[in-house]
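>>> Provided below are the primary sequence and the corresponding predicted coordinates.
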Amino acid sequence: MRSFDAARQAAIKIPNFIPRFGTGEASRAVLQPVYEYFGHIDSARYERDAFETQWLDFTVELQEVNWVYRGIANVRNFTSETIYVDLGNELAIRGRNFAELTPLVGAAVLGRIAVPKGWIVL
């Protein structure tokens, strides 16, 4: 699609995009605000303001040098006297407190994963 190629070219022109991510990541990077856009509208239509907001957020995020990566993993056969175990280096084992986890990873992420009872690593 011409519009997708134009978006890739626009991403490559964002300051520091190429040194941090390389031109090979442009396609993947451009898809992210598209996914975010469709998560904020209620039907498959183009809303200029919604898209422009997502694109601006995306370009600001790409300018951030240090990104935070979060992952979730289920932990089995684990017991603890406390609901939070700090493993150091910003790694922790937490109990399933969704009020605490939602701001960290987002409700959409928590809603898509199978969440059996127990512990998770975050």
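Noted; the coordinates are in hand. Numbering: from 1, shown residues only.
>>> quick one: the helices in this protein?
Counting by DSSP state H, the chain has helices at residues 2-12, 17-21, 26-40, 48-63, 98-105, 107-112.
>>> which stretch in these is the model least sure about?
In terms of average pLDDT, helix 107-112 trails the rest of the helices of the chain, at a mean of 67.
>>> dump the residue contacts of T23.
Applying CB atoms under 8 Å, 6 or more residues apart in numbering to T23 gives the contacts I12. Any C-beta I mention is one placed from the backbone N, CA and C, and that applies to glycine too.
>>> what does the residue of the chain most remote from its centre show for phi and psi?
Most distant residue from the mean C-alpha position of the chain: E81, 31.1 Å away (CA atoms, centre = their mean). Backbone torsions of E81, given as degrees, to the nearest 10, read phi -80, psi -10.
>>> can I get stretch 5-25 as CSV, trimmed to CA atoms?
Below are the C-alpha coordinates for stretch 5-25, written out as CSV (Å, rounded to 0.1, in the frame of the first residue of the first chain):
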residue,chain,number,x,y,z
ASP,A,5,5.1,2.9,2.5
ALA,A,6,4.6,6.7,3.2
ALA,A,7,4.2,6.0,6.9
ARG,A,8,7.4,3.9,6.9
GLN,A,9,9.3,6.7,5.2
ALA,A,10,7.9,9.2,7.7
ALA,A,11,9.0,6.9,10.6
ILE,A,12,12.6,6.7,9.2
LYS,A,13,12.7,10.5,9.2
ILE,A,14,11.9,10.7,12.9
PRO,A,15,15.1,12.0,14.6
ASN,A,16,17.3,9.1,15.9
PHE,A,17,15.0,6.4,14.4
ILE,A,18,17.7,4.8,12.2
PRO,A,19,20.5,4.8,14.7
ARG,A,20,18.3,3.3,17.4
PHE,A,21,16.2,0.9,15.4
GLY,A,22,17.5,0.7,11.9
THR,A,23,15.6,1.0,8.7
GLY,A,24,14.6,-2.7,8.8
GLU,A,25,12.4,-2.0,11.8
